[in-house]
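Enquirer: dropping a prediction and its sequence here:
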Amino acid sequence: MFEAVQSIIMSAASLFLLLQYNSKKHFLSIKTVPFLLSFFVLLAFNIFYYNSKSLQIIANSFLIFIIPLFSTFLYDSPFFKQQREKILLVYSFCITLISTYIVIFYINDIPNHHFNWYFARFNLENNIDIHGTYISLWIAIAFLFVFNFLVKTQNTALKFKILLIVICIVLLASLVIVNARMILFSTLFLTGLNCYFFFYKKDKLNTKMIFFPLIILFMGVIFLSQRYKDDIQFLNKNKIENSSRYTLCFCSLKVITDSHFLGTDNGSIQPKLNSCYDEYGFNDLSKENLNSHNQYLDYFMKGGFLLFIAFISTLFIKLRFALKSRNYLYFSISLLFSFSFLTENILVRQYGIYIFLLCDVLFLGSVVTNEGHRTNEIEKN
C-alpha cells in the first residue's frame, strides 16, 4: 500500500513535469543524448531480448533517465526558482524528524543491543522497514542541503544558523548510527570539499581550520564504530578474496564476460550469479539471492557495454557542468550518488529511484539548459 501511494505521487509529479513542456525549446542536445540513450537501450533490451519482459524496469528507467530532463522547463518558471530553497528546507526538516527518531530509538534500544552495531542496525531496520543504505542516502543528501544553507547564508539570523547547526549534528549522529560506510565517508569527504569551495577558494578561511576538525571526526567515526574495527581485524586475519564483497564483484564480472559484454537476459542474471556463488563455496550468498551490490555492474549486466557507457556519460555530464556552472551543491550530490553506486544497486528499489529522481528534477535543469544558469544567479532572481 505504501509503495503504491509513492508510485502514484511520483507519477502525478512526473505528469506535472511533462505538462511543462515547451515545444519551442530544443529537447535534444549533446547533454541529453546519454540520458535518452540509456533509456532506449534498456527499452530495446526489454522489448527484443529479455524473455521475461519487465514493465517495472521500463517504468523505472523512464523515471530515472527521461523525467529529469523536463527539469529544464522548471527553470523557466519564476515560481519554481522562488520556491526551490523552501523545497530543500522542507525535505531537510522531514529527514531530520526521521533522524531524530533514529537517535531516540537507538538510545532507547541500548538494553537490547548493548552498543553492538549489528544488533542495533538489525533492530532499527526491522522497526522502520527501510534498508540502511537508502535511509543513509536520504540523510546524507539532507545533510548536504543543510550544510549548503549554513555556509551560504551569511546575513541570516543567528537563531536560524544555530538551528541549522543542530540539524547537522542530528543528521550526522543518525548517519553514524546507521553506519553505511561508503555514504558516511562520502558525506565527510564532500563536507570537506564544500568547505574548500566556499571558504578556502574564496580566501575566507585557512585550510588547517577546515580539515583538522574533519580529520578528527573522520578518525573518531572509525574508532568508535564496531563495524570498522571488525573490518580492520578481518583484513589482518584473512585474505581479501575471502570477503563476500569480492565474490559479488567477481561473479558479476563473470556474468558480464560470459555475455561477451553485450548484456544478459534480466530473468537469468540472478540464477547465474547464484550458480557462481555456489561454485566458489558461498552458498549463503545464493540462498539470499544477493545481487551485484554495484550499480555500474548491474547496468553492465542488464544492457552491456553500451548501457554502461551511456550511464557513465550521464554522471560525467552532471559532474562536469555542475562544477563548470559552480553549482557545488548539485556537484556534491552527484558525486555522492557516484560513490554510493560502488557499493549498492541504488536504482533497483523505489527508495533509491525516488531520491535520485527528486535530486535530478530539482537540479538537472540548471546544468543541461542551454542558457547555463548558475546557482547564485538563480537564487538572486
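Expert: Looks like it arrived, so ask away.
Enquirer: CA atoms for contacts and neighbours, from now on please.
Expert: OK.
Enquirer: which parts of this protein are strands?
Expert: Shown for the chain, no strands are assigned by DSSP state E.
Enquirer: tell me the domain ranges of it?
Expert: Domain assignment for the chain, taken from automatic domain parsing, gives 36-74+240-381, 84-237.
Enquirer: okay, these, which one's buried deepest?
Expert: Across those, averaging neighbours per residue (mean count of other Cα atoms under 10 Å) puts domain 36-74+240-381 on top, at a mean of 18.
Enquirer: pull the distance from that one to the chain's centre.
Expert: Centroid separation for domain 36-74+240-381 versus its chain: 10 Å, with Cα atoms, centre = their mean, to the nearest Å.
Enquirer: what about it, average pLDDT?
Expert: Average pLDDT, domain 36-74+240-381: 86.
Enquirer: re earlier: now the domains of the chain as CSV including distance to residue 11?
Expert: Compiled in CSV, these are given as follows (distance: least, Cα to Cα, whole Å):
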stretch, distance to residue 11
domain 36-74+240-381, 9
domain 84-237, 19
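Enquirer: nearest the geometric middle of this structure, what residue?
Expert: Nearest to the geometric centre of the chain sits residue 337, at 3.5 Å (Cα atoms, centre = their mean).
Enquirer: how near is that one to residue 319?
Expert: Look at residue 337 and residue 319: by Cα to Cα, to the nearest Å, they are 11 Å apart.
Enquirer: show the contacting residues for residue 151.
Expert: residue 198 (Cα atoms under 8 Å, 6 or more residues apart in numbering).
Enquirer: cool, the one 10 residues further on as well?
Expert: Counting by Cα under 8 Å, 6+ apart, residue 161 touches residue 150.
Enquirer: show the pLDDT at it.
Expert: 86.
Enquirer: quick one: it from residue 182, how far?
Expert: Distance from residue 161 to residue 182, by Cα to Cα: 28 Å.
Enquirer: and what of residue 303?
Expert: Relative to residue 182, residue 303 is positioned 26 Å away (Cα to Cα).
Enquirer: go on, residue 113?
Expert: Residue 113 is 23 Å from residue 182, by Cα to Cα.
Enquirer: how about residue 259?
Expert: Look at residue 259 and residue 182: by Cα to Cα, they are 30 Å apart.
Enquirer: likewise for residue 104?
Expert: Taking Cα to Cα as the measure, residue 104 falls 24 Å from residue 182.
Enquirer: same check on residue 42?
Expert: Counting by Cα to Cα, the gap from residue 42 to residue 182 is 28 Å.
Enquirer: list the contacts of the nearest residue to residue 314 once chain neighbours are set aside.
Expert: Nearest residue to residue 314, sequence neighbours excluded (Cα to Cα, 6 or more residues apart in numbering): residue 34, at 5.6 Å. Neighbouring residues of residue 34 by Cα under 8 Å, 6+ apart: 310-311, 313-314.
Enquirer: okay if I get those as a markdown table plus distance to residue 284?
Expert: As requested, the contacts of residue 34 are exported to a markdown table (distance: Cα to Cα, whole Å):
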| residue | distance to residue 284 |
| --- | --- |
| 310 | 34 |
| 311 | 31 |
| 313 | 35 |
| 314 | 35 |
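Enquirer: ok, those vs residue 277, which is closest?
Expert: residue 311 (26.9 Å; Cα to Cα).
Enquirer: would you mind measuring from the nearest residue to the closest one once chain neighbours are set aside to residue 61?
Expert: The shortest distance from residue 311 to any non-neighbouring residue, by Cα to Cα, 6+ apart, is to residue 38 (6.1 Å). Per Cα to Cα, residue 38 is found 8 Å from residue 61.
Enquirer: likewise residue 98?
Expert: 28 Å.
Enquirer: what of residue 9?
Expert: From residue 9 to residue 61 the distance is 17 Å (Cα to Cα).
Enquirer: what do you get for residue 317?
Expert: Counting by Cα to Cα, the gap from residue 317 to residue 61 is 18 Å.
Enquirer: now swap in residue 84 and tell me
Expert: If you go by Cα to Cα, the gap between residue 84 and residue 61 works out to 25 Å.
Enquirer: repeat for residue 78
Expert: 29 Å.
Enquirer: equivalent analysis for residue 18, please.
Expert: Distance, residue 18 to residue 61, using Cα to Cα: 16 Å.
Enquirer: residue 176 contacts residue 183, correct?
Expert: No - using Cα atoms under 8 Å, residue 176 makes no contact with residue 183, being 10.1 Å away.
Enquirer: now do the contacts for residue 252.
Expert: Residue 252 neighbours (Cα under 8 Å, 6+ apart): 273, 292, 297-298, 301.
Enquirer: the same query, at a cut-off of 7 Å, please.
Expert: Contact analysis of residue 252 by Cα atoms under 7 Å, 6 or more residues apart in numbering lists 273, 292, 297.
Enquirer: kindly reformat those as a markdown table containing distance to residue 252.
Expert: Output for the contacts of residue 252, formatted as a markdown table (distance: Cα to Cα, whole Å):
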| residue | distance to residue 252 |
| --- | --- |
| 273 | 7 |
| 292 | 6 |
| 297 | 7 |
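Enquirer: in helices only, show me these.
Expert: 273, 297 (DSSP state H).
Enquirer: between the contacts of residue 252, which is nearest residue 74?
Expert: Of these, the one sitting nearest to residue 74 (Cα to Cα) turns out to be residue 297, at 32.6 Å.
Enquirer: that closest one and residue 286, how far apart?
Expert: Distance from residue 297 to residue 286, by Cα to Cα: 18 Å.
Enquirer: please apply the same query to residue 333.
Expert: Where residue 286 is concerned, residue 333 sits at a distance of 33 Å (Cα to Cα).
Enquirer: for residue 177, same thing?
Expert: 29 Å.
Enquirer: please apply the same query to residue 134.
Expert: For residue 134 relative to residue 286 (Cα to Cα), the value is 23 Å.
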